[in-house]
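Novice: okay, predicted coordinates and the sequence, questions at the end:
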Amino acid sequence: MTPALAWITLLAPLAGMLLLVASGGREPSRGFTRLVGVGSVAVSFACALALFLQMLGKDDHERALVSTAWRWADLEGLRIDLSLLVDPLSMMMMLVITGVGSLIVLYSTEYMGHDRDYRRFFAEMDFFIFAMLLLVMAANFVFLIVGWAFVGLASYLLIGFYYDKPSAVAAAKKAFVINVFGDVGLVLAAFILVRQLGTLDSAEVFQRAPQGLTGDLPEWVALLLFIGAAAKSAQIPLHTWLPDAMEGPTPVSALIHAATMVTAGVYLIVRTNVIFELAPVMSDAVAIVGAVTLFVAATIATVQEDIKRVLAWSTVSQI
């Protein structure tokens, strides 16, 4: 697989966002904004698709690519690289994020046509897609956490897009606070992994975890990871932000709900399945919380009158 394609997949939406932000103090033409906003995500999707086709031609044991740009830090044996991991799991998420994202951004060109701050909207959408790609492509927990935090920031900006609307501002704050609570769980889990395993590289963590995480430590790490996952995927008791997120523009709701932000928690648990296999109590807890959330959210949805809130609660139940 070609490493350059992986980096273009990640950086194309970021380049689109930076180009829109740097296009001057005045609002650029709608045509320019559409070209950059949609084109950057489309380029990302094309590169992800090319990587997928290359992956199909590989044997199972060859379907993983780790590409390192540079050494970020090297502190007493703790090495942190700016690296990307492309494997079947991240590949699936890359295709969903860029494929669904490009369709939603394309749809937004007309839907948001009569709104002000046209450039700001597409810059924030591109930033959101970049953040999600960084989250799923990161080869270590440091940059996974960076992408995790960037997704929270991007969702705050998009949900509060109508900043002169009090309900939108309140919903954005609520989403941000709950997601930061989940971020804390993820950071604490990373601290335990560093202390016990001496690394934050994903492959090394999963290789060392069966021997390095002993006693109750796997349960605590799994609990902290699940706090982060539950916040991002709106699971009980950290679920209340998602229905309020409907205050943002409809394309934002589609991007957050369709297959991007709310699936980040699912991705995290699948990615760290080695740790959850060592924590049977937390594995059962994940199933119980999921079942309770499914029932409660689906029940609440039956009495909603706003179609967007019905969809929000259905998303909570399905995740």
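Specialist: Okay, I see it.
Novice: can you tell me what sits against stretch 120-127?
Specialist: For stretch 120-127, contacts defined as Cβ atoms under 8 Å, 6 or more residues apart in numbering pick out 13-14, 16-17, 20-21, 33-34, 36-38, 40-41, 101, 104-105, 108, 112, 115, 150, 154, 157-158, 161, 249, 251-252, 255. Where C-beta positions appear, they are placed from N, C-alpha and C, glycine not excepted.
Novice: apply 7 Å and report the result again.
Specialist: Contact partners of stretch 120-127, identified using Cβ atoms under 7 Å, 6 or more residues apart in numbering, comprise 13, 16-17, 20-21, 33, 37, 40-41, 105, 108, 112, 115, 154, 157-158, 161, 255.
Novice: out of those, which are inside helices?
Specialist: The members of these that map onto helices under DSSP state H are 13, 16-17, 20-21, 33, 37, 40-41, 105, 108, 154, 157-158, 255.
Novice: how close does Arg79 sit to Ile145?
Specialist: For Arg79, the distance to Ile145 (Cβ to Cβ, to the nearest Å) stands at 16 Å.
Novice: try Met132
Specialist: Met132 is 14 Å from Ile145, by Cβ to Cβ.
Novice: these two: who's more crowded?
Specialist: Comparing Met132 with Ile145 by other Cβ atoms under 10 Å, the one with more neighbours is Met132, at 29 against 19.
Novice: alpha carbons only: can I get the one helix or strand the more buried one maps to in CSV?
Specialist: Assigned by DSSP states H and E, Met132 belongs to helix 118-137. Extracted in CSV, the C-alpha atoms of helix 118-137 (Å, rounded to 0.1, in the frame of the first residue of the first chain):
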residue,chain,number,x,y,z
TYR,A,118,-20.8,30.2,4.1
ARG,A,119,-17.0,29.9,4.2
ARG,A,120,-17.0,29.3,8.0
PHE,A,121,-19.4,26.5,7.7
PHE,A,122,-17.4,24.5,5.1
ALA,A,123,-14.1,25.3,6.9
GLU,A,124,-15.6,23.7,10.1
MET,A,125,-17.0,20.8,8.2
ASP,A,126,-13.6,20.0,6.6
PHE,A,127,-11.9,20.4,10.1
PHE,A,128,-14.4,17.9,11.5
ILE,A,129,-13.6,15.3,8.8
PHE,A,130,-9.9,15.8,9.3
ALA,A,131,-10.3,15.3,13.1
MET,A,132,-12.3,12.1,12.6
LEU,A,133,-9.7,10.7,10.1
LEU,A,134,-6.9,11.5,12.6
LEU,A,135,-8.8,9.7,15.3
VAL,A,136,-9.2,6.5,13.3
MET,A,137,-5.8,6.5,11.5
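Novice: count the neighbours of Met246 for me.
Specialist: 23.
Novice: correction: Ile159
Specialist: Neighbours of Ile159 using other Cβ under 10 Å come to 27.
Novice: just the pLDDT at Lys165, thanks.
Specialist: Predicted confidence (pLDDT) for Lys165: 86.
Novice: and for Ala154?
Specialist: 90.
Novice: check contacts around the spatially closest residue to it that is not a sequence neighbour.
Specialist: Leaving aside its chain neighbours, Ala154 sits nearest to Phe128 (3.8 Å; criterion: Cβ to Cβ, 6 or more residues apart in numbering). When contacts are counted by Cβ under 7 Å, 6+ apart, Phe128 touches Val151, Ala154, Leu158, Leu255.
Novice: so what strands line up beside the longest strand along the chain?
Specialist: With secondary structure taken from DSSP state E, the chain has its longest strand at strand 65-75. Paired with strand 65-75 in the same sheet, following DSSP bridges, are strand 78-86 (antiparallel).
Novice: which residues sit against the partner strand?
Specialist: 1, 6-7, 10, 51, 65-73, 137-140, 142-143, 194, 198-200, 202.
Novice: Val180: how many residues sit nearby?
Specialist: 14.
Novice: hang on, it packs against Gly152?
Specialist: Yes: applying Cβ atoms under 7 Å, one finds Val180 in contact with Gly152, separated by 6.4 Å.
Novice: Thr199 falls within a helix, correct?
Specialist: No: going by DSSP: H, G, I helix; E, B strand; the rest coil, the assignment for Thr199 is coil, not a helix.
Novice: pretty sure it is touching Gln207, no?
Specialist: No: assessed by Cβ under 7 Å, Thr199 is found out of contact with Gln207, at 9.1 Å.
Novice: please consider this matter closed, and thank you.
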